[in-house]
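Peer 1: sequence? don't have it. structure:
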């Protein structure tokens, strides 16, 4: 049986919250532990946002419940009317995560049948202790830099394999790898990396960690281009003399594909080849024309794919986070 970090945090946090609440002399101290259990999140930002929501919702809940307890007395009917009004307000104000916890605190008022300042202070302190311990424990999150680096390496490795397959297609050589499976695998890696990059972003309270998210966004757009390139190369029935040169260029792209490569030289090579395309003699048959058109489309998509990488590199060329990653 494996015990994860979040489980440890939850157990330790709940215990500390109850002990602190008891030490402060708060009534219903166990509720502070329950609030901590519900406050432990997977990210720092998530924990802070949730705590703010719950404090806000508790203030609203105590105010609404006090009105109905004054009008109808301390009974189930008053509690029902409180829920009837509080829940729609919480939904409208987007603090639904605080509905259950706030209502539990309201039941303390109902049981004690008192609207004194002591009980309102008691409930707010229970919330502060529970949510505060949750935030403090969530300030420690394991670094994800290594995990993200490994994921980027996997993404780039699959992309290289796909480009080598394209080169073999253009040379009419046997392709031993399944391009469709590779493209599907690339999509899965990007989905995983997207979730990881967003979790990493939510764990940075002050540092700017947009680089990871933007990197995955760039590769995701490239995936769409790769799918179009795969369609083009699969539809070519007759290969012209340009196909061999294009295969060499695609192989060069595969070999130089990396996070740090700005792709400027590759774009220049593509532009030279496109110029050669335009200068070459017109095709003589329909099949040659269609093959030339598909090769031209393939080459245009390759240039767009490389331009995406160039623009991404320029955007983050002076970013301190990028410098730090490249130096590691």
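Peer 2: Thanks, I have the structure now. Remember, predicted model here, so these are calculated numbers, not experimental data.
Peer 1: Need the residues that contact stretch 23-40.
Peer 2: Taking contacts as Cβ atoms under 8 Å, 6 or more residues apart in numbering, the residues outside stretch 23-40 that touch it are 6, 9-10, 13-18, 20-22, 47, 50-51, 54, 100-101, 104-105, 108, 112, 119, 122, 125-127, 129-131, 133-135, 137-138. Where C-beta positions appear, they are placed from N, C-alpha and C, glycine not excepted.
Peer 1: again, 7 Å this time
Peer 2: 6, 9-10, 13-14, 17-18, 21-22, 47, 50-51, 101, 104-105, 108, 122, 125-127, 129-131, 133-134, 137-138 (Cβ atoms under 7 Å, 6 or more residues apart in numbering).
Peer 1: Could you do stretch 225-236 as well?
Peer 2: Residues from elsewhere that reach stretch 225-236 (Cβ under 7 Å, 6+ apart): 162, 166, 169-170, 179, 183, 291, 294-295, 297-298, 301-302, 304-305.
Peer 1: Could you list which of those belong to helices?
Peer 2: Among those, DSSP state H puts 162, 166, 169-170, 179, 183, 291, 294-295, 297-298, 301-302, 304-305 in helices.
Peer 1: Now the two most distant members of the contacts of stretch 225-236.
Peer 2: Pairwise distances across the contacts of stretch 225-236 (Cβ to Cβ) peak at 22.7 Å, for the pair 183 and 291.
Peer 1: Tell me the secondary structure of the nearest residue in space to residue 66 that is not next to it in sequence, please.
Peer 2: Spatially, and ignoring its direct neighbours in sequence, residue 66 is nearest to residue 115 (5.4 Å; Cβ to Cβ, 6 or more residues apart in numbering). Going by DSSP: H, G, I helix; E, B strand; the rest coil, the secondary structure assigned to residue 115 is coil.
Peer 1: how many other residues sit next to residue 115?
Peer 2: Residue 115: 16 surrounding residues under other Cβ atoms under 10 Å.
Peer 1: Equivalent analysis for residue 64, please.
Peer 2: Neighbour number of residue 64 under other Cβ under 10 Å is 20.
Peer 1: which residues does it contact?
Peer 2: Applying Cβ under 7 Å, 6+ apart to residue 64 gives the contacts 82, 85, 86.
Peer 1: need those in CSV with distance to residue 274 and secondary structure, can you?
Peer 2: Output for those, formatted as CSV (distance: Cβ to Cβ, whole Å; DSSP: H, G, I helix; E, B strand; the rest coil):
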residue, distance to residue 274, secondary structure
82, 70, helix
85, 67, helix
86, 65, helix
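Peer 1: just the buried members of these?
Peer 2: 82, 86 (16 or more other Cβ atoms under 10 Å).
Peer 1: Dump the contacts of residue 64 into JSON lines; add distance to residue 234 and pLDDT as well.
Peer 2: As requested, these are arranged in JSON lines below (distance: Cβ to Cβ, whole Å; pLDDT from 0 to 100):
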{"residue": "82", "distance to residue 234": "64", "pLDDT": "91"}
{"residue": "85", "distance to residue 234": "62", "pLDDT": "91"}
{"residue": "86", "distance to residue 234": "59", "pLDDT": "90"}
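Peer 1: would you turn the contacts of residue 64 into a markdown table with distance to residue 70?
Peer 2: As requested, these are exported to a markdown table (distance: Cβ to Cβ, whole Å):
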| residue | distance to residue 70 |
| --- | --- |
| 82 | 11 |
| 85 | 14 |
| 86 | 15 |
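Peer 1: Pick the one among the contacts of residue 64 closest to residue 315.
Peer 2: Nearest to residue 315 among these, with distances taken as Cβ to Cβ, is residue 86, at 45.9 Å.
Peer 1: how about the closest one, what does it touch?
Peer 2: 60, 61, 64.
Peer 1: same deal with residue 59?
Peer 2: Residue 59 touches nothing, counting by Cβ under 7 Å, 6+ apart.
Peer 1: separation between it and residue 236?
Peer 2: 67 Å (Cβ to Cβ, to the nearest Å).
Peer 1: same question, residue 190
Peer 2: Taking Cβ to Cβ, one finds residue 190 at 27 Å from residue 236.
Peer 1: Can you pull the domain assignment for this protein?
Peer 2: What the record gives for the chain is the domain set 5-138, 145-327, from automatic domain parsing.
Peer 1: Return the most buried member of those.
Peer 2: Mean neighbours per residue, mean count of other Cβ atoms under 10 Å, is largest over the domains of the chain for domain 5-138, with a mean of 18.
Peer 1: Flag the least confident of the contacts of stretch 225-236.
Peer 2: Lowest in pLDDT among the contacts of stretch 225-236 is residue 291, which has 65.
Peer 1: between the ones in helices among the contacts of stretch 225-236, which is closest to residue 249?
Peer 2: residue 302 (7.6 Å).
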